[in-house]
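Next input, structure requested:
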Amino acid sequence: MDKRIYFDNAATTALDPVVLEAMMPYLTEKFGNPSSIYSYGRESRMAVENARKSVAKILNARPAEIFFTSCGTESNNTILTAAVRDLQCKRIITSHIEHHAVTHTVEYLDELDSVKIEYVHLLPNGHIDISHLEKLLLSSTDKTLVSLMHANNEIGNMIDLHEVGTLCKKYNAYFHSDTVQTVGHFPFDLRNTPVDFITASAHKFHGPKGCGMLFINEHVRIKPFIHGGSQERNMRAGTENVYGIVGFAKALEMATENYLAESEHVRKVKYYMHDELQKHIHNVGFNGDPLGRSNYTVLSVSFPKNDKTGMLLFNLDIHNICASSGSACSSGADAGSHVISAIHPQDDQVTVRFSFCKYNTTKEVDTVVSTLKELLNN
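A predicted model of the protein is given here:
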């Protein structure tokens, strides 16, 4: 029996057994290529299109606005590239705390001299400075894409999609939001949200790895990012990941059905850990706005840098506790968290991100806090 405590759900979540059950037929007897015209292909095609309809209904979008990809990173790359190439955007406004799928892509576009990149200021608590965003939008008539993530993957801070989207509409800017950390965790109403593009990834809400989603508002037209076939209505070449797409739809369906109970449970676990850490750990701190406008699944914790905290993640792992310093996509890099550096450039802290899901418990929190007390307070 696995006795590990897994508090890194912002990196990936465990595949729900019910989701796996829904996927299994398409890993076994229903193996046809969706582009084939005979029965094996037709049943796979039907599975893909039924999944598309299900996702569209849950997000209150149109099926024609939903495109399946390999992950959120591919979806983000598709939009950022298309904004410059197809929508003739001369400027991208973003922030220094976006996921690397966005920051590295805009840096690449900048190096090509394809577009001007401007960064919105951050408030001391890590939130986007909306007044500065408006100043940037007002400062130029160049066609602009605003790319700001819905919930930060490291500190959990959230933007108001309606507030930012309305501002973008006012100044005729396109609005893209990386919603990888929020699709499957919050309700969406895309027909009534002023956003042009959002992105998602199934493995963030107990679906399979290797399947993402891209929403493109029906009023926007872009060209494919990947060429070589007519799949996804000529928008993404390549044989569809049928079992992944089925798993995406099933996981989103389950997350939506159980949203109220599960979000309340996860929020309780997060808040309990926040309070217990404050009670029992000396000089503990929290990054972002953990009890305010924040994703209920993420808690970013800071400890003073010293000989006890220098190997903290390693020591937690020895005690069978899984957590992270930030984005899993940049783990192994020596540079540290670009998000924490952007918010607290002078701080000499060790940051640990704890992120939670429906399977976590307050009893697990007690174990983690007890372990931290043993590691840090002695």
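
can you give me the strands for this protein?
Using DSSP state E, the strands of the chain run over 5-6, 66-69, 91-94, 116-119, 144-147, 174-178, 197-201, 212-216, 285-286, 298-304, 321-322, 349-355.

helices or strands up against the fourth one?
Helices and strands in packing contact with strand 116-119 are listed as strand 91-94, helix 100-111; criterion 3 or more Cβ pairs under 8 Å, 6 or more residues apart in numbering; DSSP states H and E. Quick note: C-beta positions are derived from backbone N, CA and C, even for glycine.

what's the offset of the first one from the middle of its chain?
Taking Cα atoms, centre = their mean, to the nearest Å, one finds strand 91-94 lying 19 Å from the centre of the chain it belongs to.

And for the last one?
Distance, stretch centre to chain centre, for helix 100-111: 17 Å (Cα atoms, centre = their mean).

So what touches that helix?
Helix 100-111 has contacts (Cβ atoms under 8 Å, 6 or more residues apart in numbering) with 72-73, 76-77, 80-81, 84, 92, 94, 96, 115-117, 147, 149, 178, 327, 329-330, 338.

Quick check: which ranges of this structure have low pLDDT?
For the chain, applying pLDDT under 70 flags the ranges 1-2, 326-335, 346-347, 378.

residues in contact with the residue most central in space within it?
The residue lying closest to the centre of the chain (Cα atoms, centre = their mean) is Val180, at 2.4 Å. By Cβ under 8 Å, 6+ apart, Val180 lies in contact with Gly72, His99, Met149, Asn153, Thr199, Ala200, Ser201, Lys204.

and it, how far is that from Asn152?
In this view, Val180 and Asn152 are 11 Å apart by Cβ to Cβ, to the nearest Å.

Could you do His132 as well?
Here the criterion is Cβ to Cβ. By it, His132 lies 17 Å from Asn152.

Look at these two and report which has more neighbours.
Neighbour tally, His132 and Asn152, criterion other Cβ atoms under 10 Å: the higher count belongs to Asn152, 32 against 16.

Can you report how many residues lie near the closest residue to that one other than its chain neighbours?
Counting by Cβ to Cβ, 6 or more residues apart in numbering, Asn152 lies nearest to Ile97, which is 5.7 Å off, once chain neighbours are set aside. Close neighbours of Ile97, defined as other Cβ under 10 Å, add up to 28.

Show me where the stretch 1-150 of the chain has its helices.
Secondary structure of the stretch 1-150 of the chain (DSSP state H, counting those that start in this stretch): helices at 17-27, 39-59, 72-85, 100-111, 130-138.

What lies in contact with the third one?
Same thing as helix 72-85. By Cβ under 8 Å, 6+ apart, the residues outside helix 72-85 that reach it are 69, 89, 92, 99, 101-102, 105-106, 109, 114-115, 145, 147, 174, 176, 178, 180, 197, 199-201, 204, 212-214, 216, 222-223, 225, 236, 329.

again, but for the last one
Contact with helix 130-138 is made by 93, 118, 120-121, 144, 146, 163-164, 167-168, 170-171, 173, as judged by Cβ under 8 Å, 6+ apart.

Using JSON lines, lay out the residues you listed together with distance to Lys305 and neighbour count.
Shown next, in JSON lines, are the contacts of helix 130-138 (distance: Cβ to Cβ, whole Å; neighbours: other Cβ atoms under 10 Å):
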{"residue": "Ile93", "distance to Lys305": "33", "neighbour count": "25"}
{"residue": "Glu118", "distance to Lys305": "33", "neighbour count": "18"}
{"residue": "Val120", "distance to Lys305": "29", "neighbour count": "22"}
{"residue": "His121", "distance to Lys305": "27", "neighbour count": "14"}
{"residue": "Thr144", "distance to Lys305": "39", "neighbour count": "25"}
{"residue": "Val146", "distance to Lys305": "35", "neighbour count": "28"}
{"residue": "Glu163", "distance to Lys305": "36", "neighbour count": "13"}
{"residue": "Val164", "distance to Lys305": "34", "neighbour count": "22"}
{"residue": "Leu167", "distance to Lys305": "38", "neighbour count": "19"}
{"residue": "Cys168", "distance to Lys305": "39", "neighbour count": "23"}
{"residue": "Lys170", "distance to Lys305": "44", "neighbour count": "12"}
{"residue": "Tyr171", "distance to Lys305": "42", "neighbour count": "16"}
{"residue": "Ala173", "distance to Lys305": "40", "neighbour count": "24"}
